[in-house]
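A.B. asks: structure of the sequence below:
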Amino acid sequence: MRKYLCGVNKADCTGDFTMLNSGMGKSMKTHISSEDAFKCYSKFLIKQGYIRIGSREFFKEGNPILVLTKKCRFGGILRRGKNLEGTGKSFCPKVYHQAKSGTIIST
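C.D. replies: Prediction:
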């Protein structure tokens with residue numbers, strides 16, 4: 001089971017609270033799919049004054065056009081953590097063998 005981070009602060013995020021491992025803090029709002037994380041971030045941009053001009057493109061006066069990652073690849077992936085029984089209740093970042101990107105988490 002995976003969860004996805006959207007990059008929006010807790011106050012504006014539409015996700016649900018999820019327990020994380022101790023290195024990431026106690027909890028954070030996450031989404032059940034990358035599409036939900038994309039929708040949350042899109043709503044946040046519109047709230048910040050951006051205008052949606054395409055499916056992934058946003059424009060704000062005086063700024064360059066912002067193009068988001070595809071919906072199917074959007075968000076930071078979290079995987080279920082591990083404990084002695086083999087099933088974890090907390091989540092931690094998913095790391096691929098040759099990761100070409102990362103997730104920045106501010107607490």
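A.B. asks: you'd agree Asp36 is in a strand?
C.D. replies: No: assignment of Asp36 by DSSP: H, G, I helix; E, B strand; the rest coil gives helix, placing it outside any strand.
A.B. asks: show me where this structure has its helices.
C.D. replies: 34-47 (DSSP state H).
A.B. asks: low pLDDT regions in it?
C.D. replies: The chain contains residues with pLDDT under 70 at 22-25, 82-107.
A.B. asks: go again using 80 as the cut-off
C.D. replies: Scanning the chain for pLDDT under 80 picks out 1, 20-27, 79-107.
A.B. asks: all the strands of it, in order from the start?
C.D. replies: Using DSSP state E, the strands of the chain run over residues 2-5, 16-19, 27-30, 51-52, 57-59, 66-67, 76-80, 91-93.
A.B. asks: so which of those is the most packed in?
C.D. replies: Compared across those, strand 2-5 shows the largest average neighbour count, a mean of 22 (mean count of other Cβ atoms under 10 Å). C-betas here are computed from N, CA, C, even on glycine.
A.B. asks: mind giving me the packing neighbours of that one?
C.D. replies: Applying 3 or more Cβ pairs under 8 Å, 6 or more residues apart in numbering; DSSP states H and E, one finds that strand 2-5 contacts strand 27-30, helix 34-47, strand 76-80.
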